[in-house]
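Undergrad: Next come a sequence and a model predicted from it.
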Amino acid sequence: MALQNYKRWFFGFSSIFLILVALITSQSDLFVMAAFFYILPLISWIIGALSLRKIEVFRDHPSIGWEGDIITVRYLLKSHSPFPHFMLSISDPFPEEFKRMDVSNELLCVLSKGMAEHSINVELNLRGDYSLEWLSLNAMDPLGLFRFTKRKRVYSEILVYPTPYNVPLFTIMQEDQFGLQTRKHHFSLYAGDIPDGLREYIPGDPLRRIHWKSSAKMQKPYVMEFEECVGHNLIILPDLSPDSHVGHGKQSTTEYVVHLAASYAREAIRQNYAVRLLTTDLNNPANQMSRGNLHMMNILTQLAHLQPGADTRLNQNIMELLGRTSSDLTMIAITADANYNLAKALGYFAQIGVEARLIYVNPMSFQTKPQVYDSLFDFGSECMSRNIEFQILSKSDVAPIPLPWNKTAEYVTNG
């Protein structure tokens, strides 16, 4: 912008200077040169204004992505004008959760009725469902004196999945931690005869179940799974109470709860448990008890859409949402709210033999100046008195940046 102003001042002062000299010296040729300094910017302005006429712009990018991934956004410019288009650039206002990796805008030129392509790299920093709508098509005149901008509506969407943490296996495998009846699952895991897919090898799996062809392709051992005669069910309850939301962006209790829910679901799916993500949206596929990688993608899709609100807070309504249930069940509630009503509801299921656990995400650890409240001790005592396993997790207990893991080896997604 500063260079444009210097150029304008140059042409303006040059024409005035030539006119003054022509008046003093009575040289008519200088008037022609002064007129040239006026006409040339006018012609350049007309060319720049015509650069935004009869031109279309298209945006293309993957429709889905993973938190932390870098995607390529491509733009296609198509001209329907008999005149060429010079010095074009694109300004696309991405959400603040996206980080553009390319700082400078490349200048594009589109020939008469031709096409041009441009691409940039964008990092997806936060899970969610995003809509990209308006972008600006900019043009410069050949002399670089003027800038023209025209808004274009180019609608597209992208769904960003939360990347699960690599949580330790003991959090859902040890019987004294979560009560998932590991021995029962271990013997029932290979009781069927109908193949049910592949999964990564877990220490303790029989060597006769290794699928050697897939293991060689993935460069890690994979085993065959079979339909179970008896299975174990796991229900994950993410409680996103808006009253307990502390922090901003990825460093917040909401994102911590969501990522923990994704992590426990992933570990359970890998061990062939039937999993259900309990939310108030009963029609969502993630809210059905199922297993397998396809169901894992349903759970991740639901978690990508969850936001703090009254409709995502779980209280006594979980008894209405679940209704009658069997005792062969484990429930993991994840919350950042010392919600006694939630503890009361979990206690009801614990009385009928359900293995209930409440994971409390300490919101004080997300504050700038954390404080300690005695009510947290009372809340933990209330949970344990109702036979609910109680665990406190702080911001530093799980890495805020998910450890790298091979997503494509487990889930196949098409963008």
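TA: Yes, it's here. Numbering: from 1, shown residues only.

Undergrad: Pull the residues that contact the host helix or strand of residue 46.
TA: Residue 46 is part of helix 28-50 when elements are defined by DSSP states H and E. Contacts with helix 28-50, where a contact means CB atoms under 8 Å, 6 or more residues apart in numbering, come from 8, 11, 14-16, 18-19, 21-22, 81, 83, 86-87, 139-143, 145-146, 148. In short, each C-beta sits where N, CA and C put it, glycine included.

Undergrad: give me that answer again for 7 Å
TA: Contacting residues not belonging to helix 28-50 are listed as 11, 14-15, 18-19, 21-22, 83, 86, 139-143, 145-146, 148 [CB atoms under 7 Å, 6 or more residues apart in numbering].

Undergrad: mind checking pLDDT for residue 104?
TA: Here the pLDDT value assigned to residue 104 is 71.

Undergrad: Report the separation between it and residue 120.
TA: Computed with CB to CB, to the nearest Å, the distance linking residue 104 and residue 120 is 10 Å.

Undergrad: Could you check which of the two has the larger neighbour count?
TA: Taking neighbours as other CB atoms under 10 Å, residue 104 and residue 120 compare with residue 120 leading, 19 against 6.

Undergrad: can you pull out the helices in the stretch 151-300 of the chain?
TA: Secondary structure of the stretch 151-300 of the chain (DSSP state H, counting those that start in this stretch): helices at 170-173, 175-178, 182-188, 212-218, 253-270, 293-305.

Undergrad: Need the winner for burial among those.
TA: helix 253-270 (a mean of 24; mean count of other CB atoms under 10 Å).

Undergrad: Where helices are concerned, which of the contacts of helix 28-50 count?
TA: The helices, defined by DSSP state H, take in 11, 14, 15, 18, 19, 21, 22 from those.

Undergrad: In contact with the last one, which residues?
TA: Residues in contact with residue 22 (CB under 7 Å, 6+ apart) are 28, 30, 31, 34.

Undergrad: Ignoring the adjacent residues along the chain, who's closest to the second one?
TA: Pointing back at residue 30 there. Spatial nearest neighbour of residue 30, chain neighbours left out: residue 22 (3.5 Å); criterion: CB to CB, 6 or more residues apart in numbering.

Undergrad: picking up where we left off before, for PyMOL, write the selection for the buried entries among the contacts of helix 28-50.
TA: Command for PyMOL that selects the buried part of the contacts of helix 28-50, burial taken from 16 or more other CB atoms under 10 Å:
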select buried, resi 11+15+18+19+22+86+139+140+141+143+145+146+148
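
Undergrad: ok, back up a step: can you give me the distance of the residue nearest to residue 30 to residue 61?
TA: Distance, residue 22 to residue 61, using CB to CB: 57 Å.

Undergrad: likewise residue 18?
TA: From residue 18 to residue 61 the distance is 52 Å (CB to CB).

Undergrad: Give me the sheet partners of whichever strand or helix holds residue 390 and which way each runs.
TA: For residue 390, the host element (DSSP H and E) is strand 389-393. Strand 389-393 has its sheet partners listed here by DSSP bridges as strand 355-361 (parallel).

Undergrad: and the partner strand with helix 253-270, angle?
TA: 140 degrees (axes from the mean of the first three to the mean of the last three CA atoms, to 10 degrees).

Undergrad: got the contact list for strand 355-361?
TA: Strand 355-361 has contacts (CB under 7 Å, 6+ apart) with 178-180, 253, 256-257, 260, 330-336, 343, 346, 349-350, 383, 388-393.

Undergrad: Got a ChimeraX select line for the buried ones in those residues?
TA: A single ChimeraX command selects the buried members of these (16+ other CB under 10 Å):
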select :178,179,180,253,256,257,260,330,331,332,333,334,335,336,343,346,349,350,383,388,389,390,391,393
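
Undergrad: Grab the most central residue of this structure for me.
TA: Geometric centre of the chain, nearest residue: residue 127, 2.3 Å, by CA atoms, centre = their mean.

Undergrad: do you know how far that residue is from residue 92?
TA: As judged by CB to CB, residue 127 and residue 92 stand 21 Å apart.

Undergrad: Dump the strand holding residue 390 to CSV, keeping only the CA atoms.
TA: C-alpha atoms of strand 389-393 as CSV (Å, rounded to 0.1, in the frame of the first residue of the first chain):
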residue,chain,number,x,y,z
GLU,A,389,-14.7,-45.3,40.7
PHE,A,390,-13.4,-41.7,40.9
GLN,A,391,-10.4,-40.3,39.2
ILE,A,392,-9.1,-36.7,38.9
LEU,A,393,-7.1,-35.6,35.8
